[in-house]
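A.B. asks: Pasted the sequence and its predicted model underneath.
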Amino acid sequence: MISMLIEKKSIHEKVAPFAMRRDVFKELGEPILIDEGDVFFIKKDKALDICAFSALSRAGVLKYMFVESSHRGNGLFSELYQYIESYAIESGIKKISAVSTAMALPMYQKKGFGVIHSYTNYHKIAKQL
């Protein structure tokens, strides 16, 4: 089951310890920044440890779409994204945009995202809802 976190304090308490693990931080490449109105989505595994998380801003910017390496290949990206897209539609968000690595781009394209601009190491992408 995917849970949502809106209160800033609970985000820090639940997501920050996971995101500050050396392996997770290395892949994210940046600390988690929480802006007013961000909604965090968390997926826990059977051991009740976080295995995937993401955030969506009020403006429809998808942040930190992250699935732990040991849980990849099991459909978690799709499950998490579907939940986020449903939430966005219910919230009246008309477009989701994100920044994608080259490795993640094919997964986003399967979800209907198009490339707005490509840079050396990443792509700006968006999808109309």
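C.D. replies: Done, it's in.
A.B. asks: Tell me where this protein has helices.
C.D. replies: 8-14, 16-19, 22-28, 76-90, 105-110 (DSSP state H).
A.B. asks: Of all those, which one is nearest Val99?
C.D. replies: Ranking those by proximity to Val99 (CB to CB) places helix 105-110 first, at 10.1 Å. Heads up, the C-betas are built off the backbone N, CA and C, glycines and all.
A.B. asks: Against which helices or strands is the closest one packed?
C.D. replies: strand 122-128 (3 or more CB pairs under 8 Å, 6 or more residues apart in numbering; DSSP states H and E).
A.B. asks: go with 10 Å
C.D. replies: Helices and strands touching helix 105-110, by 3 or more CB pairs under 10 Å, 6 or more residues apart in numbering; DSSP states H and E, are strand 62-67, helix 76-90, strand 95-101, strand 114-118, strand 122-128.
A.B. asks: isn't Ser69 right up against Asp23?
C.D. replies: Yes - using CB atoms under 10 Å, Ser69 is in contact with Asp23, at 7.3 Å.
A.B. asks: Count the neighbours of the nearest residue to Ile2 once chain neighbours are set aside for me.
C.D. replies: Once flanking residues are discounted, Ile2 sits nearest to Tyr83: 4.7 Å by CB to CB, 6 or more residues apart in numbering. A count of nearby residues for Tyr83, using other CB atoms under 10 Å, gives 17.
A.B. asks: quick one: low-confidence parts of this structure?
C.D. replies: Low-confidence segments of the chain (pLDDT under 70): none present.
A.B. asks: Cheers, nothing more for now.
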